[in-house]
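Enquirer: give me a model of this one.
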Amino acid sequence: MKINEFGTENEKSMLLIATAALEPDWAFMPVIELLARDYHVYAAVADGHSAGGSYAGSSQAGGSSAGASVRSFTSVERTAADIDFALGRKGVTHLDAAYGLSMGGAILLRFLTTSGIKVDKAVIDGGITPYPYPAWICRLISVRDFALAWPMTRSRKLLEKVAPPEKYTPAGHDPAAEYDALMDFYRNTYKARSIYNDFWSANNYELPHPAPALDTEITYWYAEKEAKARKEDMDFLKDYLSNVTFTEIPGYEHGELVMVYPDDFYRIFTATMNGALSSHGKTDSRNASYPVTSTDKKEGGVMNKKIWDLYAPIYKRAMKSDQHIYEFMYQRIPEVIRGKEVLEIATGPGLLAKHIAYAAKRIVATDYSDGMIAVAKKGYNPANLTFEVADAMDLPYEDDSFDAVIIANALHIVPDPEKVLAEIDRVLRPGGLLIAPNFVEHKGTALSRIWSGILQIAGVRFEHQWTAGEYLSFLAQNGWTVTFSKEMAARIAMVYTECSKNA
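Expert: Just a heads-up that it's a prediction; the model follows:
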């Protein structure tokens with residue numbers, strides 16, 4: 001085991017366990033370099049996981065390294081003890097933060113419950129907890145896991161099929177060079193004994209029972225797409241620790257946030273450490289999803305921008321599960337806005353606007369969040385499309401400025417939707433078209449109830465929870481005639497609507 005240090009000039013300190021099954025230490029470097037802006041980072045690399053020399057060239061982060069890891073990985077327990085010993089020799093008695101992914105999360109949990117070093121806040125990201133099964137079953141599972149993992153470390157073709165480089169290579173990195181280095185790590189460093197011990201020990205390590213009283217604020221992150229796989233781990237932690245909360249990271253798979261999207265990781269980790277993601281406690285995983293933490297609340301009847309700024313970089317990925325809804329709108333809306341001047345309200349990262357701009361004469365796409373508009377402006381944008389920050393309840397446009405207005409999945413989250421509709425009426429030309437698809441039936445199915453609860457705990461406040469019929473009545477009561485509507489099933493159902501203004 002070795003510890004590399006970065007950002008040594010910083011007053012705050014943190015432990016980052018740069019170890020995960022099938023991952024070399026250098027895979028954590030983009031995140032380490034970001035964290036080293038704020039922290040003196042102690043990056044702990046378990047035996048069998050150091051690619052050797054891969055920290056060279058990281059002087060921009062203030063890096064220093066001591067020792068080399070030449071042995072195969074042995075166990076979670078030994079690695080946690082080695083980290084405790086190494087930090088103790090460096091005179092470390094307190095850490096402001098700590099982070100561990102997957103097997104690194106297991107090592108961190110062992111460290112937190114056995115070390116005398118005080119840690120203020122810790123994030124266990126998809127961390128693995130001990131199996132509750134008999135030893136012989138655990139051995140069979142480890143053999144199975146090894147049999148699945150070992151071939152990938154010896155066949156680049158198989159590795160690329162299971163983990164496509166274009167998906168798992170961070171932005172700005174060369175996929176071919178990345179996978180060249182990964183295969184080199186597998187051939188020269190990551191031995192069969194390390195692979196087997198990784199899978200055995202990460203699932204069968206020992207923890208003190210009962211758990212010691214900890215002052216550490218522990219947050220367990222799990223990616224949306226691994227929620228089922230992490231259920232037993234979360235059940236275990238819920239029973240084992242009294243001071244753990246759970247945060248779903250929407251739109252991601254296991255380890256994807258830290259490995260592939262370092263900027264998103266840094267933003268969300270920083271928000272967690274600064275308390276911008278404040279805990280709402282736990283729910284029983286046997287009956288409901290674990291709650292996501294909250295970034296902000298509506299203040300004084302006005303939507304706060306912070307939550308949308310925070311989630312702007314990951315919003316697009318979070319919407320992938322409801323792609324069929326967007327595909328319908330991508331086909332339908334161009335037909336009804338062709339040649340028109342269009343205003344979109346609550347554009348988010350600009351998904352809809354970019355897909356339909358080709359059919360319009362001009363589109364002005366707006367959002368209340370500066371962060372969302374910053375994301376929307378990235379990449380290719382058609383010449384007839386502009387993005388602007390604007391408040392839906394106080395639009396900065398002249399009367400009768402647009403032929404059509406689109407507001408998708410937003411009326412239920414604004415404090416005063418009647419005022420928004422009045423502003424839309426003001427800027428819409430006579431005979432203009434309102435396109436207002438909206439989430440409905442928030443409590444209609446078990447899935448919609450769970451997803452609604454998750455979003456609300458995350459800080460996305462549903463000011464209005466209409467059924468489909470209630471939503472259509474709401475539009476009618478505010479002077480709109482629904483000319484077309486279509487209800488669509490999704491995590492939360494949506495009713496697509498097109499309206500004209502009553503005379």
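Enquirer: spatially nearest residue to the residue nearest the centre of the chain, not counting backbone neighbours?
Expert: By Cα atoms, centre = their mean, the chain has its centre lying nearest to I249, at 3.4 Å. Nearest non-adjacent residue to I249, counting by Cβ to Cβ, 6 or more residues apart in numbering: A223, 5.1 Å away. For the C-beta atoms, the positions are set from N, CA and C on the backbone; glycine is no exception.
Enquirer: is it true that the one you found touches Y252?
Expert: Yes. Counting by Cβ atoms under 8 Å, Y252 is a contact partner of A223 at 3.9 Å.
Enquirer: who has more neighbours out of these two?
Expert: When neighbours are counted by other Cβ atoms under 10 Å, Y252 comes out ahead of the other of A223 and Y252, with 25 against 20.
Enquirer: now for whichever strand or helix holds A43, which elements pack on it?
Expert: When elements are assigned from DSSP states H and E, A43 belongs to strand 40-45. Contacting strand 40-45 under the criterion 3 or more Cβ pairs under 8 Å, 6 or more residues apart in numbering; DSSP states H and E are the following elements: strand 2-6, strand 13-17, helix 29-35, helix 76-89.
Enquirer: nearest to G432, of those?
Expert: G432 sits nearest to helix 29-35 of all those, at 46.2 Å, using Cβ to Cβ.
Enquirer: tell me what the closest one is packed against?
Expert: Judged by 3+ Cβ pairs under 8 Å, 6+ apart, the packing partners of helix 29-35 are strand 2-6, strand 13-17, strand 40-45, helix 262-273.
Enquirer: can the ones you listed go into CSV with extra columns for distance to L433?
Expert: Formatted as CSV, those follow (distance: least, Cβ to Cβ, whole Å):
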stretch, distance to L433
strand 2-6, 55
strand 13-17, 52
strand 40-45, 54
helix 262-273, 36
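Enquirer: shaky segments in this structure?
Expert: The chain contains residues with pLDDT under 70 at 51-70, 276-322, 441-464, 491, 503.
Enquirer: domain parsing for it?
Expert: Residue ranges for the domains of the chain, per automatic domain parsing: 2-273, 312-501.
Enquirer: next, give phi and psi for the closest residue to E398 other than its chain neighbours.
Expert: In space, E398 comes closest to V427 once its chain neighbours are excluded; the distance is 7.4 Å by Cβ to Cβ, 6+ apart. The phi/psi pair for V427 (degrees, to the nearest 10) reads phi -90, psi -10.
Enquirer: helices or strands next to the helix ranked longest in the chain in the packing?
Expert: Looking across the chain with DSSP state H, the single longest helix is helix 135-152. Packing contacts for helix 135-152, counted by 3+ Cβ pairs under 8 Å, 6+ apart, involve helix 156-162, helix 192-204.
Enquirer: could I get the full set of strands for the stretch 151-300 of the chain?
Expert: Remark: strands assigned in the stretch 151-300 of the chain by DSSP state E, counting those that start in this stretch are 217-223, 244-249.
Enquirer: thinking again about what came up before, P164 versus the residue nearest to E398, what's the distance?
Expert: 45 Å (Cβ to Cβ, to the nearest Å).
Enquirer: so the two - more neighbours on which side?
Expert: V427 (19 against 11).
Enquirer: hmm, the more buried one is touching D400, no?
Expert: Yes. The pair V427 / D400 is scored as a contact, 7.2 Å apart, by Cβ under 8 Å.
Enquirer: where does K118 fall, phi/psi-wise?
Expert: Dihedral pair for K118: phi -80, psi 130, per degrees, to the nearest 10.
Enquirer: how many other residues sit next to it?
Expert: If you count neighbours by other Cβ under 10 Å, K118 ends up with 13.
Enquirer: also M393?
Expert: By other Cβ under 10 Å, 19 other residues sit near M393.
Enquirer: now swap in the one 10 residues further on and tell me
Expert: As a burial measure, D403 scores 19 neighbours (other Cβ under 10 Å).
Enquirer: now do the SS call for it.
Expert: strand (DSSP: H, G, I helix; E, B strand; the rest coil).
Enquirer: just the helices and strands packed on strand 40-45: most buried one?
Expert: Comparing those by mean neighbour count (mean count of other Cβ atoms under 10 Å), strand 13-17 ranks first with a mean of 27.
Enquirer: tell me what angle that strand forms with strand 40-45.
Expert: Here strand 13-17 runs at an angle of 20 degrees relative to strand 40-45 (axes from the mean of the first three to the mean of the last three Cα atoms, to 10 degrees).
Enquirer: give the contact list for T79.
Expert: Counting by Cβ atoms under 8 Å, 6 or more residues apart in numbering, T79 makes contact with M1, T19, A44, A46, D47, F73, I107.
Enquirer: check these against E11 and report the nearest one.
Expert: Among those, and counting by Cβ to Cβ, the member closest to E11 is A44, at 20.3 Å.
Enquirer: I figured that closest one hits D84, correct?
Expert: No. Contact criterion Cβ under 8 Å: A44 and D84 do not qualify, at 10.0 Å.
Enquirer: quick check: beta-bridge partners of the spatially closest residue to F269 that is not a sequence neighbour?
Expert: Spatial nearest neighbour of F269, excluding adjacent residues (Cβ to Cβ, 6+ apart): V123 at 6.5 Å. Beta bridges link V123 to Y99, T219 when assigned by DSSP bridges.
Enquirer: equivalent analysis for L385, please.
Expert: On the basis of DSSP bridges, L385 is bridged to I363.
Enquirer: quick one, what contacts A353?
Expert: E344, T347, I363, A365, A376, L385, F387.
Enquirer: next, find the distance separating it from A383.
Expert: 13 Å.
Enquirer: tell me which element L343 is part of?
Expert: Assigned by DSSP H and E, L343 belongs to strand 341-345.
Enquirer: now could you export just the CA positions of the helix or strand following that strand as CSV?
Expert: Sequence order places helix 351-356 as the next helix or strand after strand 341-345, per DSSP H and E. Output of helix 351-356 as CSV, limited to C-alpha atoms (Å, rounded to 0.1, in the frame of the first residue of the first chain):
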residue,chain,number,x,y,z
LEU,A,351,-32.6,19.0,-25.5
LEU,A,352,-36.0,19.8,-27.0
ALA,A,353,-35.0,23.2,-28.5
LYS,A,354,-32.0,21.7,-30.3
HIS,A,355,-34.0,18.9,-31.8
ILE,A,356,-36.9,21.0,-33.1
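Enquirer: distance between helix 351-356 and the chain's centre?
Expert: For helix 351-356, the separation from the chain centroid amounts to 23 Å (computed by Cα atoms, centre = their mean, to the nearest Å).
Enquirer: same check, this time on stretch 36-47
Expert: Chain-centre distance of stretch 36-47: 22 Å, with Cα atoms, centre = their mean.
Enquirer: can you pull the buried residues of it?
Expert: Buried residues in stretch 36-47, counting neighbours by 16 or more other Cβ atoms under 10 Å, are found at A36, D38, Y39, H40, V41, Y42, A43, A44, V45, A46, D47.
Enquirer: stretch 122-137 too?
Expert: Residues A122, V123, I124, D125, G126, G127, I128, T129, P130, Y131 are the ones in stretch 122-137 that count as buried (16+ other Cβ under 10 Å).
Enquirer: and that stretch, end to end?
Expert: Using Cα to Cα, to the nearest Å, the end-to-end distance of stretch 122-137 comes out at 31 Å.
Enquirer: then stretch 482-494?
Expert: 15 Å.
Enquirer: mind checking how far that stretch is from the chain centre?
Expert: With Cα atoms, centre = their mean as the basis, the mean position of stretch 482-494 lies at 27 Å from the chain mean.
Enquirer: okay, buried residues for it please.
Expert: Buried residues in stretch 482-494, counted by 16+ other Cβ under 10 Å: V482, S485, E487, M488, A490, R491, I492, A493, M494.
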